[in-house]
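A.B. asks: Give me a model of this one.
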Amino acid sequence: MDTLHIPEFKKNAKAEGALIVYGDEASFRQSPTLHQTWSPVNAQPRIPSKGQRNSQKIFGAIELYSGNFLYKHKEDNFNYETYVEFLEEILCHYYKEGHRIYLIQDNASYHKKPETYDWFTENRKFIEVFNLPPYCPELNSTERIWHYTRMQATHNRYYDTKEALCNALFLTFSTIQKNPNLINGLLTPFF
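C.D. replies: Down below sits the predicted model:
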């Protein structure tokens, strides 16, 4: 696997007709995440909380130029097995005959497990993987989708049940899938 060199990488993808797909994972907590908001002076908004530590785990992938977004909700923890399951979905969703996928991913520990490398080796005909430099989430366009989701669905909101949280997340993801133009501005810096 290569470390990402953006100009060379984009040039190769264009020459080959490959799709550029960014992949990532995120956890969304049921307890409220507070974010700046407007309110009258000396009237700080109050958001209820039960202090649950429940979080929902989501894998996500976004095709750079079309904004085509794919997500998978996982009940389990993130690990190489759940990641390989998601990689299979990426192949099914994005691969088109004659157009490989260039997958850009971060350096999560399970991305580097031998079993994950074995999967990439077996599927090299369809997908080529590039690792971002360590500790550089700003280079992953999917991080912007997570930020957008938090702004739209979780910041300053209280969800009494995990089902309510999941419904809010899935509604936001569905809106992105149906209207990719909503996030085009978020992806433009990566073009």
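
A.B. asks: Residue 22 pairs with what?
C.D. replies: The partner list for residue 22 in beta bridges (DSSP bridges) reads residue 62, residue 104.

A.B. asks: contacting residues for it?
C.D. replies: Applying CB atoms under 8 Å, 6 or more residues apart in numbering, we find residue 22 in contact with 61-62, 64, 103-105, 140-142, 190. Using the backbone N, CA and C atoms, a C-beta is placed for each residue, glycine as well.

A.B. asks: Not including adjacent chain positions, what is the nearest residue to the most centrally placed residue in the chain?
C.D. replies: With distances taken as CA atoms, centre = their mean, residue 60 lies nearest the centre of the chain, 3.3 Å away. Residue nearest to residue 60 in three dimensions, not counting chain neighbours: residue 71, with 4.7 Å by CB to CB, 6 or more residues apart in numbering.

A.B. asks: Given the helix or strand where that neighbour lies, what are its sheet partners and their directions?
C.D. replies: Counting by DSSP states H and E, the element that carries residue 71 is strand 69-74. Strand 69-74 sits in its sheet next to strand 55-63 (antiparallel), going by DSSP bridges.

A.B. asks: Using CSV, write down the CA coordinates of the partner strand.
C.D. replies: This file holds the C-alpha atoms of strand 55-63, laid out as CSV (Å, rounded to 0.1, in the frame of the first residue of the first chain):
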residue,chain,number,x,y,z
SER,A,55,-22.8,5.3,20.5
GLN,A,56,-23.6,4.3,16.9
LYS,A,57,-20.8,3.2,14.7
ILE,A,58,-20.9,4.1,11.0
PHE,A,59,-18.7,3.3,8.1
GLY,A,60,-18.8,5.7,5.2
ALA,A,61,-17.5,6.2,1.7
ILE,A,62,-17.9,9.0,-0.7
GLU,A,63,-17.0,9.2,-4.4
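
A.B. asks: How many residues are close by the residue nearest to residue 60?
C.D. replies: By the criterion of other CB atoms under 10 Å, residue 71 has 23 neighbours.
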